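Enquirer: below are the sequence and a predicted model for it; my questions follow.
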There are 2 protein chains.
Amino acid sequence: MDNVADDLRSAGLRVTAARVAIMDQVRSGNHLDAERIARGVRGSLGHVSTQAVYDALHALTKAGLLRRIEPAGSPARFESRVGDNHHHLVCRSCGEVADIDCVVGEAPCVEPSNTHGYAVDEAEVVFWGVCPQCQAQAAGSGGGEPARTQSGG
Amino acid sequence: MDNVADDLRSAGLRVTAARVAIMDQVRSGNHLDAERIARGVRGSLGHVSTQAVYDALHALTKAGLLRRIEPAGSPARFESRVGDNHHHLVCRSCGEVADIDCVVGEAPCVEPSNTHGYAVDEAEVVFWGVCPQCQAQAAGSGGGEPARTQSGG
DNA sequence: TCATTTTCTTGAATCATTCCAGTTTGTGGC
DNA sequence: GCCACAAACTGGAATGATTCAAGAAAATGA
């Protein structure tokens, strides 16, 4: 089921403690960025260099075990839900990301009105809005704009 | 017609040489990034500080005269086509950006399958593909992967 | 166990962007 | 046209995310 080691091996990657911990971290977290992943990994393994985290994230992403998303205004985030063509909903206020199932399921799920000659293979959809928490906060505190920081998991 | 000064004034902004030059630059260019804008502006005005360019881009974006887009993997880019809800087509190879008219026209033009309680106000669609030039290059050079650099103007 | 190759470590560098403090400039009022 | 004041701009340093580089450690197949 969640045998990360096998996933790594069948993707042609060596099995290392750092990679396993990173996969675990990403699977249990919610669209974490590199720094958060590093922190989590260090929590379970002790010291792991930042570079090792970036290297591993690259390798895992390239191998198709992780997907990297880059919502405007926040550092790259990683998720373990790969292989489907789902989309994302991002909170303008706290930056939280939620998954949105694609109604079509296969890329590209939306057709451009004009391809301009491009060979289009994917339509990435990002829904922007305000999450329930931030809505409540905004209503409660009299409409003040919440700080643009990550609401810790 | 293209009286930038009036646009600036009616947006409540002071008219400065730097801002006018930046607007001209963005209007005549194709989704330029800050550095390219700065270079263009310097070409017509002489020295302009990087900070001034960033300040102006912020002010113009905030005032709604420019729109800022951030395709994954490239620095922020600016365009003068504002007020409609058009989308973008980005070349995976050279990073070039093309405008795509939205079939609906108003945000959010796509409905998420599940809002998760978010107040959604926009659906940003980015089409990913390979531009005609890069397709030709890839075919011509025997399938070599073109460098991920910006193909100039 | 050994050799080979990949991965990890440390430390510095890069890129895009922002922060800060002081100077200059545009604009409305006189 | 001249002044005052706020808005813009300058120069320089700092930040955050990510990458580069070179050597050390560890995983894998023989």
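Expert: Done, it's in. Numbering: from 1, shown residues only, chains lettered A, B, ... in the order given.

Enquirer: give the buried residues for stretch A:45-61.
Expert: A:V48, A:A52, A:V53, A:A56, A:L57, A:A59, A:L60 (16 or more other CB atoms under 10 Å in any protein chain shown). Backbone N, C-alpha and C define where each C-beta goes, glycine included.

Enquirer: show me the helices in chain A, by range?
Expert: Listed in chain order, the helices found in chain A under DSSP state H are A:4-10, A:17-28, A:34-45, A:50-62, A:132-140.

Enquirer: convert the longest one to CSV, retaining C-alpha atoms only.
Expert: When you say that, I think you mean helix A:50-62. Extracted in CSV, the C-alpha atoms of helix A:50-62 (Å, rounded to 0.1, in the frame of the first residue of the first chain):
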residue,chain,number,x,y,z
THR,A,50,18.7,21.4,2.6
GLN,A,51,20.4,20.4,-0.6
ALA,A,52,19.5,16.8,0.0
VAL,A,53,15.9,17.8,0.3
TYR,A,54,15.9,19.7,-2.9
ASP,A,55,17.8,17.0,-4.7
ALA,A,56,15.4,14.4,-3.5
LEU,A,57,12.4,16.5,-4.4
HIS,A,58,13.7,16.9,-7.9
ALA,A,59,14.4,13.2,-8.3
LEU,A,60,11.0,12.2,-7.0
THR,A,61,9.2,14.8,-9.1
LYS,A,62,11.1,13.7,-12.2
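
Enquirer: low-confidence stretches in chain A?
Expert: When residues are selected by pLDDT under 70, those of chain A lie in A:1-2, A:105, A:141-153.

Enquirer: around DNA strand D, pick out the residues from it.
Expert: A:9, A:14-17, A:33-35, A:50-51, A:54, A:58, A:70, A:75-76 (CB under 7 Å from any atom of the strand).

Enquirer: mind checking which of these are buried?
Expert: Judged by neighbour count, with 16+ other CB under 10 Å as the criterion, the buried members of those are A:D33, A:A34, A:E70, A:A76.

Enquirer: in JSON lines: the helices of chain A, plus distance to DNA strand C.
Expert: JSON lines is the format used below for the helices of chain A (distance: least, CB to the nearest atom of the strand, whole Å):
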{"stretch": "helix A:4-10", "distance to DNA strand C": "8"}
{"stretch": "helix A:17-28", "distance to DNA strand C": "3"}
{"stretch": "helix A:34-45", "distance to DNA strand C": "8"}
{"stretch": "helix A:50-62", "distance to DNA strand C": "3"}
{"stretch": "helix A:132-140", "distance to DNA strand C": "20"}
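
Enquirer: quick one, which of these is nearest to chain B?
Expert: Smallest distance to chain B across these (CB to the nearest CB): 3.8 Å, for helix A:132-140.

Enquirer: quick check: closest non-adjacent residue to A:E35.
Expert: A:P75 (7.3 Å; CB to CB, 6 or more residues apart in numbering or on different chains).

Enquirer: max-length strand in chain A?
Expert: Longest strand in chain A by number of residues, with DSSP state E as the criterion: strand A:119-130.

Enquirer: tell me the angle that strand makes with helix A:132-140.
Expert: With axes from the mean of the first three to the mean of the last three CA atoms, to 10 degrees as the basis, strand A:119-130 and helix A:132-140 are set at 40 degrees to each other.

Enquirer: what's the distance between strand A:119-130 and the middle of its chain?
Expert: Distance of strand A:119-130 from its chain centroid, counting by CA atoms, centre = their mean, to the nearest Å, is 14 Å.
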